[in-house]
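Novice: predicted model and sequence follow; I will ask about them next.
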Amino acid sequence: MNDLSGQNATSRAPDVTQAVALVPRINIQAFCELQETVNSIQTAFADRRMARAHGTVLTGGIDAAVRLYQTQSTPNLLLVESTAAREPLLESLASLAEVCQPDTKVIVIGHLNDVVLYRDLMRRGVGEYVVAPVTPLQLIDTIAGLYRSERAAPIGRVIAFMGAKGGAGSSTVAHNCGWEIARVADAETTIIDLDLAFGTAALDFNLDASGGIMEAILQPERVDALLLDRLLVRLGGKLSLLGGPGGVDKDFTIEAHAVETILTALRSNVPLIVLDIPCLWAPWVRFTLLHADHIVLTAEPELASLRNARAIVDLLKAARPNDQPPSLVLNKVGIPKRPEIPAADFSKAIGLEIAASVPFDPQNFGSALNNGKMLLEASPRTKAAEALRRLSRSFSAERAPAPAAASKSLIKKLLGRS
Ligand SMILES: Nc1ncnc2c1ncn2[C@@H]1O[C@H](COP(=O)(O)OP(=O)(O)O)[C@@H](O)[C@H]1O
Ligand SMILES: [Mg+2]
């Protein structure tokens with residue numbers, strides 16, 4: 001009855017398939033009592049979603065925080081853990097309020113699953129109360145929730161598509177998935193073609209090259225809703241494209257920070273972002289993969305794809321321990337006379353299930369291309385279309401999270417001075 005489950009979203013661990021928002025550039029200090037909580041917070045601080053925030057973890061609980069902040073200013077966000085019962089907890093929070101700057105937000109990690117205490121703390125200006133044990137993703141989600149304003153648009157999901165080798169069909173998979181997601185999930189979806197010179201997104205959709213991405217890459221800090229409105233080329237329905245200029249008459253370099261700035265702007269404007277990443281290895285490619293919400297790796301069932309896919313998957317698993325592994329797509333399966341690595345062996349060697357297996361179908365892919373249509377539109381009843389549809393639906397089921405409730409007022413209220 002007095003249970004917190006169902007009371008506040010953050011008392012439940014977010015599903016790993018759900019988008020967890022990014023944490024802004026804030027200073028965070030945590031004061032824990034239990035080693036388990038220290039570990040969880042340290043893992044959260046090391047996660048890609050918190051890469052922009054600065055976090056430190058200390059022990060000693062609320063008392064240690066009160067002692068420290070008598071002589072130091074408080075950070076943007078304080079995380080304090082307490083194993084105490086209700087009354088002593090409220091007392092130590094009142095002492096903390098005495099030393100807390102007005103704009104510091106406070107998250108309390110407590111050990112009492114008590115809805116009356118929860119409401120009491122919210123009323124007194126605590127930003128959020130979470131019941132221990134907390135998982136790293138739950139913490140990140142709670143922190144991001146505090147900084148998400150009530151009016152802000154839902155944060156978009158970025159799905160990055162890359163091939164394990166050139167020509168594996170990654171762009172084809174990306175464009176078909178984007179087309180299908182926009183249609184079925186009924187969500188604004190933008191395809192970004194990051195293959196600036198040789199990208200095929202415009203060709204695949206029967207358009208002249210749009211070139212809009214160059215304007216964004218050259219002045220990333222200018223990217224906002226207005227500029228995006230001008231640069232995005234509508235492809236019909238809820239689908240739009242931000243493509244490269246095509247051609248080799250200019251030299252292009254992409255900086256990792258430019259991609260970060262553009263993605264941040266896009267995430268607050270578009271619910272679903274499909275990134276078509278060329279098969280090359282550069283700092284910005286690595287950065288983009290590490291910061292995507294989900295990755296789709298397309299490989300052919302042959303040796304070079306296997307070696308490259310394994311290298312990419314190993315890197316991603318190590319660098320994104322709290323994320324789902326990439327979705328592995330086997331494409332061009334069954335090219336006549338080509339010796340192939342069987343799907344089961346491919347899957348075993350990489351340590352990942354095959355998310356979709358798309359047959360080699362030059363006739364239908366070729367004629368879709370010639371007509372400037374997606375295979376899913378031109379030949380919807382083929383086996384290849386069936387595989388691509390199932391893959392797309394596995395992403396559109398993962399919807400962006402709803403905006404969190406407004407962040408709570410200041411801990412100052414604990415003193416009754418609100
Ligand atoms: N399953 C398939 N069967 C036949 N042709 C395919 C298949 N998938 C992709 N293709 C074709 O392969 C070529 C390369 O595909 P593309 O998506 O540009 O590869 P990537 O982006 O990985 O370099 C394109 O002409 C595309 O139409
Ligand atoms: Mg491509």
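Specialist: Arrived safely, thanks for sending. Ligands and ions are numbered 1, 2, ... in the order given.
Novice: tell me which parts of this protein are close to ligand 1?
Specialist: Within the chain, the positions adjacent to ligand 1 are 163, 166-172, 200, 279, 331-332, 358, 360-362, 365, 369, 384 by C-beta under 6 Å from any ligand atom. In this view, the C-beta of every residue, glycine as well, is placed from N, C-alpha and C.
Novice: try it again with 5 Å
Specialist: 163, 166-172, 331-332, 358, 360-362, 365 (C-beta under 5 Å from any ligand atom).
Novice: and those residues, which of them are buried?
Specialist: 163, 168, 169, 170, 171, 172, 331, 332, 358, 360, 361, 365 (16 or more other C-beta atoms under 10 Å).
Novice: let's have these in JSON lines, adding distance to residue 290 and secondary structure.
Specialist: Formatted as JSON lines, these follow (distance: C-beta to C-beta, whole Å; DSSP: H, G, I helix; E, B strand; the rest coil):
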{"residue": "163", "distance to residue 290": "18", "secondary structure": "strand"}
{"residue": "168", "distance to residue 290": "21", "secondary structure": "coil"}
{"residue": "169", "distance to residue 290": "23", "secondary structure": "coil"}
{"residue": "170", "distance to residue 290": "18", "secondary structure": "helix"}
{"residue": "171", "distance to residue 290": "21", "secondary structure": "helix"}
{"residue": "172", "distance to residue 290": "24", "secondary structure": "helix"}
{"residue": "331", "distance to residue 290": "24", "secondary structure": "strand"}
{"residue": "332", "distance to residue 290": "27", "secondary structure": "strand"}
{"residue": "358", "distance to residue 290": "26", "secondary structure": "strand"}
{"residue": "360", "distance to residue 290": "32", "secondary structure": "coil"}
{"residue": "361", "distance to residue 290": "33", "secondary structure": "coil"}
{"residue": "365", "distance to residue 290": "31", "secondary structure": "helix"}
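Novice: identify the farthest-apart pair in those residues.
Specialist: 163 and 361 (17.5 Å; C-beta to C-beta).
Novice: okay, now the unreliable bits of this protein?
Specialist: 1-20, 149-155, 209-210, 396-418 (pLDDT under 70).
Novice: which residue lies farthest from the center of it?
Specialist: The C-alpha centroid of the chain is most remote from residue 337, which lies 40.6 Å away (C-alpha atoms, centre = their mean).
Novice: state the phi and psi torsions of that one.
Specialist: phi 70, psi 0 (degrees, to the nearest 10).
Novice: what do you get for residue 79?
Specialist: According to degrees, to the nearest 10, residue 79 has phi -110, psi 120.
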